[in-house]
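Chemist: this is a predicted model, with the sequence first.
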Amino acid sequence: VTALIKKLFLAGKMVNVNSELPFDEASEIALEYNCIAEEEEKVDVIEELLKEDEEDEKDMVSRPPVVCVMGHVDHGKTSLLDAIRQTKVTSGEAGGITQAIGASVVDVNGQTITFLDTPGHEAFTAMRMRGAQSTDIAILVVAADDGVMPQTIEAINHAKAAGIEIIVAINKIDKESANIERVKQELTEYELIPEDWGGSTIFCPVSAHTKEGIDNLLEMILLTADVLELKANPNRKARGIVIEAELDKGRGPVATMLVQKGTLHVGDYIAVGASHGKVRAMTNSRGERVTEALPSTPVQIQGLNTVPDAGEIFMAVDNEKEARTISETYISQGKEKLLADTKQRMSLDDLYSQ
Ligand code: GDP
Ligand code: MG
(Lines give C-alpha, C1' and ligand atoms only; values in the text may rest on other atoms or scores of the structure.)
(Ligands and ions follow the chains in the order given, each with its own letter.)
Protein backbone atom coordinates (compact mmCIF):
# COMPACT_ATOMS: atom_id res chain seq x y z
CA VAL A 1 0.00 0.00 0.00
CA THR A 2 2.78 2.42 0.95
CA ALA A 3 4.57 1.77 -2.29
CA LEU A 4 1.42 2.34 -4.31
CA ILE A 5 0.52 5.51 -2.51
CA LYS A 6 4.03 6.81 -2.98
CA LYS A 7 3.95 5.99 -6.64
CA LEU A 8 0.66 7.75 -7.15
CA PHE A 9 1.81 10.64 -5.04
CA LEU A 10 4.85 11.13 -7.23
CA ALA A 11 2.54 11.05 -10.23
CA GLY A 12 0.71 13.96 -8.68
CA LYS A 13 -2.23 12.07 -7.26
CA MET A 14 -3.19 12.80 -3.72
CA VAL A 15 -4.56 9.49 -2.54
CA ASN A 16 -4.86 7.63 0.69
CA VAL A 17 -5.48 4.04 1.63
CA ASN A 18 -9.22 4.38 1.11
CA SER A 19 -9.10 6.01 -2.30
CA GLU A 20 -10.56 4.34 -5.33
CA LEU A 21 -8.85 4.42 -8.68
CA PRO A 22 -10.57 4.11 -12.01
CA PHE A 23 -10.18 0.58 -13.30
CA ASP A 24 -8.04 1.61 -16.30
CA GLU A 25 -5.56 3.35 -14.07
CA ALA A 26 -5.44 0.53 -11.55
CA SER A 27 -5.00 -1.96 -14.32
CA GLU A 28 -2.02 -0.06 -15.77
CA ILE A 29 -0.31 0.15 -12.42
CA ALA A 30 -0.98 -3.52 -11.80
CA LEU A 31 0.86 -4.36 -15.00
CA GLU A 32 3.94 -2.55 -13.71
CA TYR A 33 3.90 -5.02 -10.85
CA ASN A 34 3.37 -8.00 -13.15
CA CYS A 35 -0.23 -8.34 -12.08
CA ILE A 36 -3.33 -8.46 -14.16
CA ALA A 37 -6.22 -6.58 -12.66
CA GLU A 38 -9.65 -8.01 -13.06
CA GLU A 39 -12.62 -5.79 -12.89
CA GLU A 40 -15.13 -6.65 -10.23
CA GLU A 41 -18.44 -7.51 -11.67
CA LYS A 42 -20.77 -4.68 -10.87
CA VAL A 43 -24.34 -5.48 -10.03
CA ASP A 44 -26.71 -2.73 -10.90
CA VAL A 45 -29.14 -3.34 -8.15
CA ILE A 46 -32.04 -1.59 -9.73
CA GLU A 47 -31.48 -3.18 -13.09
CA GLU A 48 -31.21 -6.52 -11.41
CA LEU A 49 -34.30 -6.01 -9.32
CA LEU A 50 -36.43 -4.74 -12.10
CA LYS A 51 -34.97 -6.60 -15.02
CA GLU A 52 -37.94 -7.21 -17.18
CA ASP A 53 -38.72 -10.77 -16.44
CA GLU A 54 -39.55 -11.80 -19.93
CA GLU A 55 -40.78 -15.26 -19.37
CA ASP A 56 -41.37 -17.75 -22.09
CA GLU A 57 -45.03 -18.71 -22.19
CA LYS A 58 -44.02 -22.35 -22.40
CA ASP A 59 -42.27 -22.13 -19.00
CA MET A 60 -45.35 -20.79 -17.30
CA VAL A 61 -47.28 -23.09 -15.03
CA SER A 62 -50.54 -22.35 -13.31
CA ARG A 63 -50.18 -21.20 -9.70
CA PRO A 64 -52.56 -20.82 -6.76
CA PRO A 65 -54.34 -17.50 -6.20
CA VAL A 66 -53.08 -15.22 -3.45
CA VAL A 67 -55.99 -13.68 -1.60
CA CYS A 68 -56.31 -10.96 1.01
CA VAL A 69 -59.29 -10.02 3.11
CA MET A 70 -60.14 -6.33 3.34
CA GLY A 71 -62.93 -4.30 4.81
CA HIS A 72 -64.14 -2.05 7.58
CA VAL A 73 -63.17 -2.72 11.18
CA ASP A 74 -65.40 -5.23 12.94
CA HIS A 75 -67.05 -6.39 9.75
CA GLY A 76 -65.52 -9.81 10.35
CA LYS A 77 -62.21 -10.10 8.46
CA THR A 78 -60.46 -12.05 11.19
CA SER A 79 -63.52 -14.20 11.88
CA LEU A 80 -63.91 -15.01 8.21
CA LEU A 81 -60.28 -16.07 7.85
CA ASP A 82 -60.63 -18.22 10.96
CA ALA A 83 -63.81 -19.78 9.63
CA ILE A 84 -62.10 -20.58 6.34
CA ARG A 85 -59.17 -22.20 8.09
CA GLN A 86 -61.45 -24.18 10.38
CA THR A 87 -63.63 -25.58 7.64
CA LYS A 88 -60.52 -26.76 5.88
CA VAL A 89 -58.90 -28.47 8.83
CA THR A 90 -59.16 -32.20 8.36
CA SER A 91 -59.92 -34.14 11.52
CA GLY A 92 -56.37 -35.41 11.79
CA GLU A 93 -55.05 -31.90 12.00
CA ALA A 94 -57.74 -30.51 14.25
CA GLY A 95 -56.21 -28.04 16.60
CA GLY A 96 -52.87 -28.66 15.01
CA ILE A 97 -52.94 -25.84 12.54
CA THR A 98 -50.53 -23.25 13.70
CA GLN A 99 -51.11 -20.09 11.92
CA ALA A 100 -47.94 -18.41 12.88
CA ILE A 101 -46.51 -16.92 9.78
CA GLY A 102 -49.01 -14.29 8.70
CA ALA A 103 -50.33 -16.32 5.81
CA SER A 104 -52.10 -19.59 5.36
CA VAL A 105 -52.66 -22.08 2.63
CA VAL A 106 -55.98 -23.89 2.42
CA ASP A 107 -56.85 -26.86 0.34
CA VAL A 108 -60.19 -26.82 -1.44
CA ASN A 109 -60.97 -30.09 -3.18
CA GLY A 110 -57.37 -30.56 -4.16
CA GLN A 111 -56.84 -26.98 -5.22
CA THR A 112 -54.89 -24.50 -3.19
CA ILE A 113 -55.62 -20.94 -2.09
CA THR A 114 -53.07 -18.77 -0.29
CA PHE A 115 -54.51 -16.28 2.18
CA LEU A 116 -52.51 -13.35 3.46
CA ASP A 117 -53.45 -12.01 6.84
CA THR A 118 -53.98 -8.33 6.52
CA PRO A 119 -52.74 -6.19 9.36
CA GLY A 120 -55.14 -4.65 11.84
CA HIS A 121 -57.58 -1.94 10.99
CA GLU A 122 -55.39 0.64 12.70
CA ALA A 123 -53.12 0.74 9.73
CA PHE A 124 -54.61 1.16 6.32
CA THR A 125 -51.10 2.11 5.54
CA ALA A 126 -48.16 1.25 3.41
CA MET A 127 -48.19 -2.29 4.64
CA ARG A 128 -51.67 -2.89 3.47
CA MET A 129 -50.99 -1.17 0.21
CA ARG A 130 -48.04 -3.45 -0.25
CA GLY A 131 -50.28 -6.29 0.80
CA ALA A 132 -52.48 -5.42 -2.10
CA GLN A 133 -49.53 -5.55 -4.43
CA SER A 134 -48.83 -9.13 -3.54
CA THR A 135 -52.41 -10.18 -4.02
CA ASP A 136 -54.48 -11.48 -6.92
CA ILE A 137 -57.92 -11.36 -5.37
CA ALA A 138 -59.31 -9.20 -2.57
CA ILE A 139 -62.21 -10.42 -0.51
CA LEU A 140 -64.13 -7.30 0.44
CA VAL A 141 -65.92 -8.06 3.68
CA VAL A 142 -69.02 -5.98 4.32
CA ALA A 143 -71.17 -6.66 7.36
CA ALA A 144 -74.77 -7.19 6.30
CA ASP A 145 -76.03 -5.30 9.34
CA ASP A 146 -73.74 -2.31 8.89
CA GLY A 147 -73.26 -1.79 5.17
CA VAL A 148 -70.64 0.24 3.34
CA MET A 149 -68.42 2.19 5.72
CA PRO A 150 -65.37 4.47 5.26
CA GLN A 151 -62.80 1.65 5.32
CA THR A 152 -64.94 -0.33 2.92
CA ILE A 153 -64.53 2.49 0.42
CA GLU A 154 -60.81 2.75 1.14
CA ALA A 155 -60.42 -0.95 0.53
CA ILE A 156 -62.28 -0.68 -2.78
CA ASN A 157 -60.03 2.18 -3.87
CA HIS A 158 -56.84 0.34 -2.99
CA ALA A 159 -57.90 -2.85 -4.69
CA LYS A 160 -59.00 -1.02 -7.80
CA ALA A 161 -55.82 1.04 -7.99
CA ALA A 162 -53.78 -2.12 -7.77
CA GLY A 163 -55.90 -3.82 -10.41
CA ILE A 164 -56.95 -6.57 -8.04
CA GLU A 165 -60.07 -8.59 -8.61
CA ILE A 166 -62.68 -7.96 -5.92
CA ILE A 167 -65.07 -10.57 -4.56
CA VAL A 168 -67.63 -9.21 -2.12
CA ALA A 169 -68.35 -11.28 0.98
CA ILE A 170 -71.47 -10.01 2.68
CA ASN A 171 -70.84 -11.23 6.21
CA LYS A 172 -72.97 -11.70 9.32
CA ILE A 173 -76.02 -12.89 7.37
CA ASP A 174 -76.99 -14.86 10.48
CA LYS A 175 -77.92 -11.62 12.17
CA GLU A 176 -81.51 -10.56 12.46
CA SER A 177 -80.66 -7.08 11.23
CA ALA A 178 -78.82 -8.37 8.16
CA ASN A 179 -79.83 -6.67 4.94
CA ILE A 180 -78.07 -8.20 1.95
CA GLU A 181 -79.96 -6.19 -0.64
CA ARG A 182 -79.00 -2.92 0.99
CA VAL A 183 -75.29 -3.82 0.83
CA LYS A 184 -75.64 -4.69 -2.85
CA GLN A 185 -77.44 -1.41 -3.45
CA GLU A 186 -74.77 0.62 -1.65
CA LEU A 187 -71.93 -1.03 -3.53
CA THR A 188 -73.38 -0.21 -6.95
CA GLU A 189 -72.18 3.30 -6.25
CA TYR A 190 -68.62 1.94 -6.41
CA GLU A 191 -69.15 0.00 -9.61
CA LEU A 192 -69.42 -3.29 -7.79
CA ILE A 193 -72.55 -4.60 -9.40
CA PRO A 194 -73.81 -8.14 -8.85
CA GLU A 195 -74.19 -10.44 -11.81
CA ASP A 196 -77.93 -10.78 -11.31
CA TRP A 197 -78.16 -7.00 -11.61
CA GLY A 198 -76.27 -7.01 -14.89
CA GLY A 199 -72.83 -6.44 -13.43
CA SER A 200 -69.79 -8.66 -13.14
CA THR A 201 -68.94 -8.69 -9.45
CA ILE A 202 -69.32 -11.86 -7.45
CA PHE A 203 -71.24 -11.41 -4.20
CA CYS A 204 -71.11 -14.16 -1.59
CA PRO A 205 -73.42 -13.96 1.41
CA VAL A 206 -71.60 -15.62 4.32
CA SER A 207 -71.60 -16.03 8.04
CA ALA A 208 -68.28 -16.48 9.76
CA HIS A 209 -70.24 -17.66 12.79
CA THR A 210 -72.48 -20.34 11.28
CA LYS A 211 -70.06 -21.01 8.37
CA GLU A 212 -72.94 -20.65 5.95
CA GLY A 213 -71.68 -19.70 2.49
CA ILE A 214 -68.00 -20.30 3.24
CA ASP A 215 -67.69 -23.21 0.82
CA ASN A 216 -69.40 -21.19 -1.86
CA LEU A 217 -66.98 -18.30 -1.25
CA LEU A 218 -63.99 -20.62 -1.63
CA GLU A 219 -65.45 -22.02 -4.86
CA MET A 220 -65.92 -18.50 -6.18
CA ILE A 221 -62.30 -17.68 -5.37
CA LEU A 222 -61.15 -20.69 -7.37
CA LEU A 223 -63.49 -19.81 -10.20
CA THR A 224 -62.11 -16.28 -10.31
CA ALA A 225 -58.56 -17.63 -10.20
CA ASP A 226 -59.35 -19.84 -13.19
CA VAL A 227 -60.54 -16.86 -15.17
CA LEU A 228 -57.43 -14.88 -14.24
CA GLU A 229 -55.23 -17.74 -15.53
CA LEU A 230 -52.60 -17.08 -12.88
CA LYS A 231 -49.26 -18.44 -13.93
CA ALA A 232 -45.62 -18.35 -12.94
CA ASN A 233 -42.39 -19.99 -13.98
CA PRO A 234 -41.28 -22.27 -11.14
CA ASN A 235 -37.95 -23.06 -12.80
CA ARG A 236 -36.03 -19.88 -12.20
CA LYS A 237 -34.47 -18.06 -9.31
CA ALA A 238 -37.05 -17.09 -6.75
CA ARG A 239 -38.52 -13.62 -6.51
CA GLY A 240 -41.20 -12.42 -4.17
CA ILE A 241 -42.22 -10.13 -1.39
CA VAL A 242 -41.78 -9.90 2.38
CA ILE A 243 -45.10 -10.23 4.17
CA GLU A 244 -43.78 -9.66 7.67
CA ALA A 245 -40.52 -9.94 9.52
CA GLU A 246 -39.22 -9.75 13.04
CA LEU A 247 -36.24 -10.43 15.22
CA ASP A 248 -36.65 -13.74 17.01
CA LYS A 249 -34.65 -14.15 20.20
CA GLY A 250 -33.41 -17.59 19.36
CA ARG A 251 -33.47 -17.68 15.58
CA GLY A 252 -32.40 -14.17 14.70
CA PRO A 253 -34.18 -12.33 11.87
CA VAL A 254 -37.14 -14.31 10.57
CA ALA A 255 -39.16 -13.22 7.57
CA THR A 256 -42.37 -14.52 6.07
CA MET A 257 -42.02 -14.23 2.35
CA LEU A 258 -44.39 -14.93 -0.46
CA VAL A 259 -42.67 -16.59 -3.40
CA GLN A 260 -44.12 -15.03 -6.54
CA LYS A 261 -41.95 -16.58 -9.22
CA GLY A 262 -39.38 -19.29 -9.30
CA THR A 263 -38.67 -21.73 -6.50
CA LEU A 264 -36.97 -20.78 -3.26
CA HIS A 265 -34.72 -23.44 -1.75
CA VAL A 266 -32.96 -23.90 1.53
CA GLY A 267 -29.40 -22.89 0.76
CA ASP A 268 -30.34 -20.14 -1.71
CA TYR A 269 -28.63 -16.78 -1.36
CA ILE A 270 -31.08 -13.92 -1.25
CA ALA A 271 -31.06 -10.15 -1.23
CA VAL A 272 -33.99 -8.36 0.39
CA GLY A 273 -33.66 -4.62 0.30
CA ALA A 274 -30.97 -3.74 2.80
CA SER A 275 -30.75 -7.31 4.10
CA HIS A 276 -29.14 -10.36 2.64
CA GLY A 277 -28.28 -13.88 3.62
CA LYS A 278 -28.58 -17.54 2.90
CA VAL A 279 -31.83 -19.40 3.51
CA ARG A 280 -30.87 -21.58 6.47
CA ALA A 281 -34.30 -23.00 7.23
CA MET A 282 -37.79 -22.67 5.84
CA THR A 283 -41.14 -23.27 7.50
CA ASN A 284 -44.48 -23.49 5.72
CA SER A 285 -47.77 -21.99 6.91
CA ARG A 286 -48.40 -25.06 9.06
CA GLY A 287 -45.12 -24.65 10.84
CA GLU A 288 -43.55 -27.63 9.07
CA ARG A 289 -39.99 -27.61 7.85
CA VAL A 290 -39.74 -27.54 4.06
CA THR A 291 -36.80 -27.42 1.68
CA GLU A 292 -38.41 -25.59 -1.20
CA ALA A 293 -41.26 -23.20 -1.91
CA LEU A 294 -43.05 -22.86 -5.24
CA PRO A 295 -44.83 -19.76 -6.62
CA SER A 296 -47.72 -18.45 -4.46
CA THR A 297 -46.32 -20.22 -1.41
CA PRO A 298 -45.72 -18.30 1.81
CA VAL A 299 -42.76 -19.47 3.88
CA GLN A 300 -40.97 -18.21 6.90
CA ILE A 301 -37.24 -18.16 6.44
CA GLN A 302 -34.20 -17.83 8.66
CA GLY A 303 -30.77 -16.75 7.64
CA LEU A 304 -30.96 -13.04 6.89
CA ASN A 305 -28.43 -10.70 8.47
CA THR A 306 -31.01 -8.09 9.44
CA VAL A 307 -34.79 -7.77 9.64
CA PRO A 308 -36.17 -6.63 6.27
CA ASP A 309 -39.18 -4.35 5.90
CA ALA A 310 -42.56 -5.77 5.09
CA GLY A 311 -43.39 -5.15 1.47
CA GLU A 312 -39.75 -5.39 0.40
CA ILE A 313 -38.94 -7.39 -2.70
CA PHE A 314 -36.60 -10.34 -2.31
CA MET A 315 -34.62 -12.06 -4.99
CA ALA A 316 -32.54 -15.19 -5.01
CA VAL A 317 -29.10 -14.65 -6.52
CA ASP A 318 -26.10 -16.76 -7.50
CA ASN A 319 -23.85 -16.33 -4.53
CA GLU A 320 -23.15 -14.62 -1.25
CA LYS A 321 -21.17 -11.84 -2.81
CA GLU A 322 -23.93 -10.89 -5.19
CA ALA A 323 -26.46 -10.89 -2.37
CA ARG A 324 -24.24 -8.67 -0.27
CA THR A 325 -23.44 -6.33 -3.13
CA ILE A 326 -27.11 -5.86 -3.88
CA SER A 327 -28.03 -5.05 -0.31
CA GLU A 328 -25.05 -2.73 0.07
CA THR A 329 -25.88 -0.97 -3.16
CA TYR A 330 -29.45 -0.76 -2.02
CA ILE A 331 -28.36 0.94 1.17
CA SER A 332 -26.01 3.33 -0.59
CA GLN A 333 -28.44 4.18 -3.34
CA GLY A 334 -31.08 4.91 -0.79
CA LYS A 335 -34.44 3.37 -0.52
CA GLU A 336 -36.25 6.32 -1.96
CA LYS A 337 -34.79 5.84 -5.36
CA LEU A 338 -35.28 2.14 -5.43
CA LEU A 339 -38.86 2.40 -4.33
CA ALA A 340 -39.47 5.15 -6.83
CA ASP A 341 -38.20 2.99 -9.65
CA THR A 342 -39.97 -0.07 -8.42
CA LYS A 343 -43.18 1.81 -8.15
CA GLN A 344 -42.97 3.07 -11.64
CA ARG A 345 -42.09 -0.26 -13.10
CA MET A 346 -44.86 -2.01 -11.32
CA SER A 347 -47.36 0.61 -12.42
CA LEU A 348 -48.52 1.02 -8.89
CA ASP A 349 -48.16 4.78 -8.81
CA ASP A 350 -51.86 5.09 -8.38
CA LEU A 351 -51.83 2.91 -5.37
CA TYR A 352 -49.14 4.87 -3.63
CA SER A 353 -50.33 8.32 -4.56
CA GLN A 354 -53.74 7.77 -2.96
P1 GDP B 1 -62.46 -7.52 11.90
O2 GDP B 1 -62.19 -6.29 12.69
O3 GDP B 1 -62.97 -7.17 10.53
O4 GDP B 1 -61.32 -8.49 11.87
O5 GDP B 1 -63.70 -8.24 12.60
P6 GDP B 1 -63.73 -9.47 13.59
O7 GDP B 1 -63.52 -10.74 12.88
O8 GDP B 1 -62.84 -9.18 14.74
O9 GDP B 1 -65.25 -9.45 14.04
C10 GDP B 1 -65.81 -8.34 14.71
C11 GDP B 1 -67.00 -8.80 15.53
O12 GDP B 1 -68.03 -9.30 14.69
C13 GDP B 1 -66.65 -9.92 16.49
O14 GDP B 1 -67.35 -9.71 17.70
C15 GDP B 1 -67.16 -11.15 15.79
O16 GDP B 1 -67.53 -12.18 16.70
C17 GDP B 1 -68.37 -10.63 15.05
N18 GDP B 1 -68.65 -11.39 13.84
C19 GDP B 1 -67.78 -11.69 12.86
N20 GDP B 1 -68.38 -12.43 11.90
C21 GDP B 1 -69.66 -12.61 12.30
C22 GDP B 1 -70.78 -13.30 11.74
O23 GDP B 1 -70.74 -13.92 10.67
N24 GDP B 1 -71.94 -13.25 12.44
C25 GDP B 1 -72.05 -12.60 13.63
N26 GDP B 1 -73.23 -12.60 14.23
N27 GDP B 1 -71.01 -11.93 14.17
C28 GDP B 1 -69.85 -11.94 13.53
MG1 MG C 1 -59.40 -8.35 12.64
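Modeler: That came through fine. Residues are numbered from 1 along each chain as shown. Ligands and ions are numbered 1, 2, ... in the order given.
Chemist: contacts for stretch 198-205?
Modeler: With contact meaning C-beta atoms under 8 Å, 6 or more residues apart in numbering, stretch 198-205 is reached by 144, 166-170, 173, 180, 184, 187-188, 191-195, 212-213, 216-217, 220, 223-224. All C-beta spots, glycine's among them, are computed from the backbone N, C-alpha and C.
Chemist: if you set the cut-off to 7 Å instead, what comes out?
Modeler: Here stretch 198-205 makes contact (C-beta atoms under 7 Å, 6 or more residues apart in numbering) with 166-170, 173, 180, 184, 192-194, 213, 216-217, 220, 224.
Chemist: of those residues, which is the most crowded?
Modeler: residue 169 (30 neighbours; other C-beta atoms under 10 Å).
Chemist: quick one: residues contacting that one.
Modeler: 80, 139, 140, 141, 204, 206, 217.
Chemist: burial of the closest residue to ligand 2 within the stretch 251-354 of the chain, as a residue count?
Modeler: Across the stretch 251-354 of the chain, the shortest distance to ligand 2 (C-beta to the ion) belongs to residue 310, at 17.1 Å. For residue 310, the tally of surrounding residues (other C-beta under 10 Å) stands at 21.
Chemist: pretty sure residue 145 contacts residue 178?
Modeler: Yes - using C-beta atoms under 7 Å, residue 145 is in contact with residue 178, at 5.3 Å.
Chemist: where does pLDDT dip in the stretch 201-350 of the chain?
Modeler: Within the stretch 201-350 of the chain, the segments meeting pLDDT under 70 span 333-350.
Chemist: quick revisit: what is the nearest of the contacts of stretch 198-205 to ligand 1?
Modeler: Of all those, ligand 1 sits closest to residue 173, with 7.0 Å by C-beta to the nearest ligand atom.
Chemist: what's near enough to touch that closest one?
Modeler: By C-beta under 7 Å, 6+ apart, the contact set of residue 173 is 144, 180, 205, 206, 207, 212, 213.
Chemist: including secondary structure and distance to ligand 1, could those go into TSV?
Modeler: Formatted as TSV, the contacts of residue 173 follow (DSSP: H, G, I helix; E, B strand; the rest coil; distance: C-beta to the nearest ligand atom, whole Å):
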residue	secondary structure	distance to ligand 1
144	coil	8
180	helix	13
205	strand	10
206	coil	7
207	coil	4
212	coil	8
213	coil	9
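Chemist: buried subset of those, written for PyMOL?
Modeler: Buried residues among the contacts of residue 173 (16 or more other C-beta atoms under 10 Å), as a PyMOL selection:
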select buried, resi 144+205+206+207+213
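Chemist: follow-up on the earlier one: out of the contacts of residue 169, list just those in helices.
Modeler: 80, 217 (DSSP state H).
Chemist: residue contacts, residue 258?
Modeler: 66, 103, 134, 240, 241, 243, 298.
Chemist: near ligand 2, list only the ones from those.
Modeler: Residues of those in contact with ligand 2 (C-beta under 5 Å from the ion): none.
Chemist: quick one: which of these is nearest to ligand 1?
Modeler: residue 103 (16.0 Å).
Chemist: how about the backbone phi and psi for the nearest residue to that closest one once chain neighbours are set aside?
Modeler: Ranked by C-beta to C-beta, 6 or more residues apart in numbering and with sequence neighbours excluded, the top spatial neighbour of residue 103 is residue 298, at 3.5 Å. In terms of degrees, to the nearest 10, the main-chain angles of residue 298 are phi -90, psi 140.
Chemist: what is the burial count for residue 298?
Modeler: Counted with other C-beta under 10 Å, residue 298 comes out at 27.
Chemist: wait, isn't it in contact with residue 286?
Modeler: No - look at residue 298 against residue 286 with C-beta under 7 Å: they stay out of range, at 10.8 Å.
Chemist: any common contacting residues for the two?
Modeler: Joint contacts of residue 298 and residue 286 (C-beta under 7 Å, 6+ apart) do not exist.
Chemist: let's have the contacts of residue 173 in JSON lines, adding distance to residue 294.
Modeler: Converted to JSON lines, the contacts of residue 173 look like this (distance: C-beta to C-beta, whole Å):
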{"residue": "144", "distance to residue 294": "37"}
{"residue": "180", "distance to residue 294": "38"}
{"residue": "205", "distance to residue 294": "33"}
{"residue": "206", "distance to residue 294": "29"}
{"residue": "207", "distance to residue 294": "33"}
{"residue": "212", "distance to residue 294": "33"}
{"residue": "213", "distance to residue 294": "30"}
